[in-house]
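Undergrad: Need coordinates for the following:
(one chain, ligands or ions: 2)
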Amino acid sequence: MKLGAHVSIQGGVDTAPDRAKAIGGETFQIFTKSQRQWQAKPLVQEQVSAFREKLGHYSYYLACVHASYLINLASPKENTLRKSREAMIDELLRAEELALPYVVVHSGAHMGEGVEQGLKQLIQSIEHVLSETAGRTNVKLLLENSAGQGTTLGADLDQLKTVRDAFVGEDRLAFCLDTCHLFAAGYDFTSAEAYQRLKAEIDRQIGSRNVYVLHFNDSKKTPGSRLDQHEKIGHGKIGAQPFSFWIRDPDWDHTIAILETPGGEDNYRRELQLLKGFR
Ligand SMILES: [Zn+2]
Ligand SMILES: [Zn+2]
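TA: Ligands and ions are numbered 1, 2, ... in the order given. Below is the predicted model of the structure:
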């Protein structure tokens with residue numbers, strides 16, 4: 001498992017690998033555009049070249065993109081759905097340009113239409129996005145589990161399984177699991193036994209081999225609260241120790257784990273040191 005954090009692209013996308021290196025990251029995650037705007041300028045070619053050169057230089061072959069927060073691939077609103085699908089296609093093609101293998105996207109929200117209808121819409125959107133980009137890129141779309149806040153989908157692993165079952169044999173659809181979201185959704189992994197139970201559940205529902213990115217975040221909120229509030233590792237309701245279960249489990253060797261905790265670069269540096277110590 002490679003350990004890293006979400007870093008800024010302020011000053012150009014090519015500044016991200018240097019930021020990741022400076023905090024001791026073995027990988028990283030970025031937004032490739034402002035995460036709160038639909039429109040994005042194309043990437044600047046000199047920055048793309050410099051970025052790709054730095055990936056090689058630092059051996060960051062398994063870094064990832066986080067898609068815009070605006071995207072809701074399960075939206076019942078035609079306009080939002082259309083913009084979400086277009087934006088998702090753009091995210092995958094930008095990742096391709098940057099030679100990054102994964103784009104993480106939230107599972108979306110049904111906005112009152114119900115889980116079944118939401119999942120149906122989500123599946124149709126993924127079909128559309130994958131077929132529109134087929135032959136143009138092999139970048140994987142990774143659906144992220146949610147905390148279950150509001151009408152968000154994907155807090156329960158069986159919902160992710162429903163999506164997976166619609167794409168048998170499609171290796172471009174895979175998953176990202178966020179520890180804060182799992183915990184807030186009611187999945188316990190704070191003891192070795194509880195971790196093993198969760199691991200078995202993940203294997204039964206989506207398969208740990210289909211998870212390529214882990215988001216390592218502590219949680220401000222209690223188990224089952226269904227509230228998504230990240231906390232610094234060791235400062236929340238999860239605590240630091242449970243992360244050692246994930247790090248020492250060889251079934252996650254193929255994954256990258258990304259911190260999305262508050263506190264900035266100094267905190268990331270401390271957390272990465274702490275997590276590396278669990279190896
Ligand atoms: Zn996350
Ligand atoms: Zn979150």
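Undergrad: Would you map the helices across the protein?
TA: Counting by DSSP state H, one finds helices in the chain at the ranges 16-22, 45-58, 78-97, 115-133, 157-165, 179-184, 192-205, 242-247, 264-276.
Undergrad: just checking, V44 touches G12?
TA: Yes. Here V44 reaches G12: they are 6.9 Å apart, a contact under Cβ atoms under 8 Å. Glycine gets a C-beta too; all of them are placed from N, C-alpha and C.
Undergrad: For the residue of the chain most remote from its centre, give me the pLDDT.
TA: Outermost residue of the chain with respect to the C-alpha centroid, by Cα atoms, centre = their mean, is E46; its distance is 27.0 Å. Here, the pLDDT recorded for E46 equals 98.
Undergrad: Kindly report the same for the one 4 residues further on.
TA: If you check A50, the pLDDT there is 98.
Undergrad: And for it, the neighbour number?
TA: The number of residues packed near A50 is 16, by other Cβ atoms under 10 Å.
Undergrad: residues from the stretch 151-279 of the chain in reach of ligand 1?
TA: For the stretch 151-279 of the chain, the contact set with ligand 1 under Cβ under 5 Å from the ion comprises D178, H215.
Undergrad: mind listing what's buried in stretch 122-140?
TA: The neighbour-count check on stretch 122-140 (16 or more other Cβ atoms under 10 Å) flags L122, I123, S125, I126, H128, V129, L130, T133, T137, V139, K140 as buried.
Undergrad: Who are the contact partners of the first one?
TA: What it means is L122. L73, A74, S107, G108, L153, V163 (Cβ atoms under 8 Å, 6 or more residues apart in numbering).
Undergrad: Just the closest residue of the stretch 1-150 of the chain to ligand 1, please.
TA: E144 (5.6 Å; Cβ to the ion).
Undergrad: And the residue lying closest to that residue once chain neighbours are set aside, how far from G135?
TA: Leaving aside its sequence neighbours, E144 sits nearest to C176 (Cβ to Cβ, 6 or more residues apart in numbering; 4.3 Å). With distances taken as Cβ to Cβ, to the nearest Å, C176 is found 24 Å from G135.
Undergrad: try S125
TA: S125 is 19 Å from G135, by Cβ to Cβ.
Undergrad: What of F183?
TA: For F183, the distance to G135 - Cβ to Cβ - is 39 Å.
Undergrad: swap in N267?
TA: N267 is 42 Å from G135, by Cβ to Cβ.
Undergrad: pretty sure the residue of the stretch 1-150 of the chain closest to ligand 1 contacts Y102?
TA: No. Using Cβ under 8 Å, E144 makes no contact with Y102, being 10.9 Å away.
Undergrad: Mutual contacts of those two, please.
TA: C176.
Undergrad: And the closest residue to V163 other than its chain neighbours, how far from P17?
TA: Spatial nearest neighbour of V163, chain neighbours left out: I123 (5.8 Å); criterion: Cβ to Cβ, 6+ apart. Distance, I123 to P17, using Cβ to Cβ: 35 Å.
Undergrad: Then H128?
TA: For H128, the distance to P17 - Cβ to Cβ - is 32 Å.
Undergrad: tell me which parts of the stretch 1-150 of the chain are close to ligand 1?
TA: Residues of the stretch 1-150 of the chain lying near ligand 1 (Cβ under 5 Å from the ion): none found.
Undergrad: switch the cut-off to 6 Å
TA: Residues of the stretch 1-150 of the chain found near ligand 1, taking Cβ under 6 Å from the ion as the criterion, are E144.
Undergrad: re the thing from before, most tightly packed of the helices of the chain?
TA: For the helices of the chain, the largest average neighbour count (mean count of other Cβ atoms under 10 Å) is found in helix 179-184, namely a mean of 26.
Undergrad: Mind giving me the packing neighbours of that helix?
TA: Where contact means 3 or more Cβ pairs under 8 Å, 6 or more residues apart in numbering; DSSP states H and E, helix 179-184 is packed against strand 211-216, strand 218-219, helix 242-247.
Undergrad: Look at the nearest residue to T80 once chain neighbours are set aside and report its pLDDT.
TA: Closest residue to T80 apart from its sequence neighbours, by Cβ to Cβ, 6+ apart: N72 at 5.8 Å. pLDDT recorded at N72 is 98.
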